[in-house]
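Enquirer: Following is a predicted model, sequence given first.
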Protein chains: 2
Amino acid sequence: MATINDIAEKLHISNATVSRALRSSGYVKAELKEKIFRTAEELGYAPNPLAVGLRTRRSHGISIVLPSMNNPVSVELLENLEKLADRNGYHVMISTTDGNIETERKYVQLLDAGLVDGTVLVPGPRRSPEEEYLQHIRKRNIALFNRDLAGLSLDVVKSDAVQAGRLAMEHLACRGYRRIGMILPPLETSLAQERLEGCQEGADAAGIRLEEKWMLRARGTTPAAGKAAADELLSRQSRPDGLLVLDNILTVGVLQALREKNLSLPEDLGLVSFDDIVNGELVGAGITYVGQPMPQIAEALFSLLLLRMEGQPGMARQSICLPVRLIERGSTRRL
Amino acid sequence: MATINDIAEKLHISNATVSRALRSSGYVKAELKEKIFRTAEELGYAPNPLAVGLRTRRSHGISIVLPSMNNPVSVELLENLEKLADRNGYHVMISTTDGNIETERKYVQLLDAGLVDGTVLVPGPRRSPEEEYLQHIRKRNIALFNRDLAGLSLDVVKSDAVQAGRLAMEHLACRGYRRIGMILPPLETSLAQERLEGCQEGADAAGIRLEEKWMLRARGTTPAAGKAAADELLSRQSRPDGLLVLDNILTVGVLQALREKNLSLPEDLGLVSFDDIVNGELVGAGITYVGQPMPQIAEALFSLLLLRMEGQPGMARQSICLPVRLIERGSTRRL
């Protein structure tokens, strides 16, 4: 790409004159102006987007900041957002935080820096309210996915996590499972909390008593942590006959544990995962799961962002909650 | 974040004076300068990175531009590159192209625009030499993964695709498979070409004749295309007993086809995938595959980029080729 400098050198005139002509600001003789435009075209001049961004305060980019891409939900979210952005003339920058709040802050700040016009954020867990940095971000073109952050007036799009818990529990109950175990993620995000709440509601409705000893909290959100929790649960003398895994990354580890112990789904244990795992239809007889409507979620997130970026920056905070579905495959027994 | 404007307003002085003071360029009275710095601190002033980028021509960001993230190889590449970038003080922007060359060009141009200092590029397929745009990119801080683009003096890091083909074929041969089928990706990238070349070498060495009728080219690089190709291959009267799938996205579809037809691995067919599929250890008795050394590949890509960005922009073009490994799991029979 040629610069203003290249055009000025070629025509033996000053950068300022070229710049005035190209931006149509200030007087430049018509003849010279034409010459400048012709040369710009010849040399393949393109304005420096950094400079344009500074001037127009628009980058035509959005960023997606999320803990990790190692998750089919993230991949589906990204694919859908990219399509929508492209259709609307935005480029997309993706950044992963590994759940680290300092990294998350660094990437979200690129919004204030003008490197992007809007941000879809999947926040990592906050260990204390002091860690929250979002109130210090000047621009409010931020849409959150699946996390309520207390006290921040930011748009949120989520799927109904309470309904998800209820559906999963009802499914196990109506398939005749009564001794229900749970593998939970370690940190109490609003998402995990609401899923658990729904499970409890579903159990109450079905007259199932949830036993504390069968509810294990994994020590991380990794397959290894899921495997360790399942190993512990399944080595007990008294075992559940149905299992809810409240995070799909943990599900991968739980399945590894079952395989090592030569336990089969659904013969030895019924299993419902919260969100599918990648290639879940190919594992055993397929993994039954509660799924989120990712295309609709992406659509809602992008629409809200677009409204704030292009139309109604001052609109009131929006909160959208979309219904989930249970997808039955072979890891729970048939009626 | 406060701006220069906020400081100027607070102190009732001009933006230009604030800017001169903060950048220590031009004269500002010592007393006023101190006041400006104090106010900057009070208001939480941070320089606009766009402006800093224009001035210093450094963004401290790298971009990773690749066709899709729906692939365990991509995810592993990204995770490793992000760790390396973070350790070296760079932020990372990821963009996916869906294999579309116009989209790819758009994102790679952000390098010339100064939005990033370097780019790791996994090029999509070029349908003709005219489509190649990379010679028009001014900055050469680009490292390519697994694709040789003819005539471009860009750094390349790849894994040994010929060796991969040879290893996969030798494995099937020494396990007693003789009637070898292949599912190939549709387009003749250098990667696919070299994998096929290696398979041919391996077959020659083992005295196996490859039958044209058992070599099917998929009509896309999607699970559906892989499934369609496998459906066609497996519906023939005379069938292979061993199958090489030269792209892991196709493998997913091939496994769907096998499941529909109630065919088991390795009883009814031996299968080797080029690259693992996500959760491949959980599918059936596990999928045997030829794997690339992603941590080492990421390390080489980032090192080359870092050298160009920070040390030796003029160094000669580097081409690094790393060895692959065969990981034996249950989809091929044991000795």
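Expert: Happy to help now that I have it. Numbers count the residues shown, from 1 in each chain, chains lettered A, B, ... in the order given.
Enquirer: CA only for contacts and neighbour counts going forward, please
Expert: Will do.
Enquirer: neighbours of the single nearest residue of the stretch 201-335 of chain A relative to chain B, just the number please.
Expert: Residue of the stretch 201-335 of chain A nearest chain B, by C-alpha to the nearest C-alpha: A:V283 (4.7 Å). Counted with other C-alpha atoms under 10 Å in any protein chain shown, residues neighbouring A:V283 total 22.
Enquirer: how close does it get to A:R333?
Expert: Separation of A:V283 from A:R333 (C-alpha to C-alpha, to the nearest Å): 15 Å.
Enquirer: Identify the residues contacting A:E281.
Expert: A:287, A:329 (C-alpha atoms under 8 Å, 6 or more residues apart in numbering or on different chains).
Enquirer: For it, give its distance to B:G284.
Expert: Noted for A:E281: a distance of 11 Å to B:G284, by C-alpha to C-alpha.
Enquirer: what's the neighbour count on the nearest residue to A:P240 once chain neighbours are set aside?
Expert: Excluding the flanking residues, the one nearest A:P240 by C-alpha to C-alpha, 6 or more residues apart in numbering or on different chains is A:R179, at 4.7 Å. Burial of A:R179 is recorded as 18 neighbouring residues (other C-alpha under 10 Å).
Enquirer: which residues does A:R179 contact?
Expert: Counting by C-alpha under 8 Å, 6+ apart, A:R179 touches A:208, A:210, A:239-242.
Enquirer: From these, which land in strands?
Expert: Using DSSP state E, the members of these that fall within strands are A:G242.
Enquirer: Which positions in the stretch 101-250 of chain A make contact with chain B?
Expert: Proximity of the stretch 101-250 of chain A to chain B (C-alpha under 8 Å from any C-alpha of the partner chain) is limited to residues A:107, A:112-115, A:136-138.
Enquirer: Relative to A:L121, which of these is nearest.
Expert: Closest to A:L121 out of those is A:Y107 (9.9 Å), distances taken as C-alpha to C-alpha.
Enquirer: buried ones in the helix or strand hosting A:E9?
Expert: A:E9 belongs to helix A:4-11 when assigned by DSSP states H and E. Of the residues in helix A:4-11, A:4, A:6-8 count as buried by neighbour count, 16 or more other C-alpha atoms under 10 Å in any protein chain shown.
Enquirer: same deal with stretch A:293-305?
Expert: Going by neighbour count (16+ other C-alpha under 10 Å), the buried part of stretch A:293-305 is A:293-295, A:297-302, A:304-305.
Enquirer: surely A:D160 meets A:S319?
Expert: No - using C-alpha atoms under 8 Å, A:D160 makes no contact with A:S319, being 11.8 Å away.
Enquirer: Comparing these two, which residue is more hemmed in?
Expert: Comparing A:D160 with A:S319 by other C-alpha under 10 Å, the one with more neighbours is A:D160, at 20 against 16.
Enquirer: Which residue is the nearest non-sequential neighbour of the residue nearest in space to the middle of chain A?
Expert: Centroid-nearest residue in chain A, with C-alpha atoms, centre = their mean: A:V122, separated by 4.5 Å. Excluding its sequence neighbours, the residue lying closest to A:V122 (C-alpha to C-alpha, 6+ apart) is A:L66, at 4.7 Å.
Enquirer: Tell me the pLDDT of that neighbour.
Expert: The per-residue pLDDT reported for A:L66 equals 94.
Enquirer: Can you get me the start-to-end distance on stretch A:277-294?
Expert: Stretch A:277-294 has an end-to-end distance of 14 Å (criterion: C-alpha to C-alpha).
Enquirer: ok, now stretch A:123-133?
Expert: Stretch A:123-133 has an end-to-end distance of 11 Å (C-alpha to C-alpha).
Enquirer: Could you list the buried residues of that stretch?
Expert: By 16+ other C-alpha under 10 Å, the buried positions in stretch A:123-133 come out as A:123-126, A:132.
Enquirer: how about the helices of the stretch 1-150 of chain A, start to end?
Expert: Assigned by DSSP state H, counting those that start in this stretch, the helices in the stretch 1-150 of chain A fall at A:4-11, A:15-23, A:30-43, A:49-56, A:72-87, A:101-112.
Enquirer: still on that earlier bit, need the buried residues of stretch A:293-305 in CSV with secondary structure, distance to A:E197 and pLDDT, can you?
Expert: Shown next, in CSV, are the buried residues of stretch A:293-305 (DSSP: H, G, I helix; E, B strand; the rest coil; distance: C-alpha to C-alpha, whole Å; pLDDT from 0 to 100):
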residue, secondary structure, distance to A:E197, pLDDT
A:P293, coil, 20, 97
A:M294, helix, 22, 97
A:P295, helix, 25, 96
A:I297, helix, 22, 97
A:A298, helix, 25, 97
A:E299, helix, 27, 96
A:A300, helix, 25, 96
A:L301, helix, 25, 97
A:F302, helix, 29, 97
A:L304, helix, 28, 95
A:L305, helix, 30, 96
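Enquirer: what ranges of the stretch 51-200 of chain A fall below the confidence cut-off?
Expert: Low-confidence segments of the stretch 51-200 of chain A (pLDDT under 70): A:51-57.
Enquirer: rewinding a little: could I get the helices of the stretch 1-150 of chain A as a markdown table with distance to A:A225?
Expert: Listed next are the helices of the stretch 1-150 of chain A as a markdown table, based on distance: least, C-alpha to C-alpha, whole Å:
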| stretch | distance to A:A225 |
| --- | --- |
| helix A:4-11 | 56 |
| helix A:15-23 | 58 |
| helix A:30-43 | 58 |
| helix A:49-56 | 44 |
| helix A:72-87 | 18 |
| helix A:101-112 | 21 |
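Enquirer: closest one to B:T251 among those helices?
Expert: Relative to B:T251, the nearest member of the helices of the stretch 1-150 of chain A by C-alpha to C-alpha is helix A:72-87, separated by 17.3 Å.
Enquirer: If I take the closest one and helix B:72-87, what angle do their directions form?
Expert: 80 degrees (axes from the mean of the first three to the mean of the last three C-alpha atoms, to 10 degrees).
Enquirer: Extract the C-alpha trace of helix A:72-87 and format it as CSV.
Expert: Provided in CSV are the C-alpha atoms of helix A:72-87 (Å, rounded to 0.1, in the frame of the first residue of the first chain):
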residue,chain,number,x,y,z
PRO,A,72,-18.0,-26.5,21.0
VAL,A,73,-20.2,-23.7,22.4
SER,A,74,-17.5,-21.1,21.9
VAL,A,75,-16.8,-22.4,18.3
GLU,A,76,-20.5,-22.2,17.4
LEU,A,77,-20.8,-18.7,19.0
LEU,A,78,-17.7,-17.5,17.0
GLU,A,79,-18.8,-19.0,13.7
ASN,A,80,-22.2,-17.4,14.0
LEU,A,81,-20.9,-14.0,15.1
GLU,A,82,-18.4,-13.9,12.3
LYS,A,83,-21.1,-14.5,9.7
LEU,A,84,-23.2,-11.7,11.1
ALA,A,85,-20.3,-9.3,11.4
ASP,A,86,-19.2,-10.0,7.8
ARG,A,87,-22.7,-9.5,6.5
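Enquirer: Check what pLDDT A:N48 gets.
Expert: 59.
Enquirer: Pairing partners for the residue nearest to A:V122 in the sheet, please.
Expert: When assigned by DSSP bridges, A:L66 has beta-bridge partners A:T96.
Enquirer: repeat for A:V156
Expert: Under the criterion DSSP bridges, A:V156 forms beta bridges with A:L144, A:S319.
Enquirer: okay, now it: neighbour count?
Expert: A:V156 has 24 nearby residues by other C-alpha under 10 Å.
Enquirer: and if you look at A:S238?
Expert: Other residues near A:S238 come to 11 when the count uses other C-alpha under 10 Å.
Enquirer: One more: A:R87?
Expert: Close neighbours of A:R87, defined as other C-alpha under 10 Å, add up to 10.
Enquirer: Chain B versus that one, what's the distance?
Expert: To chain B, A:R87 is 12 Å away according to C-alpha to the nearest C-alpha, to the nearest Å.
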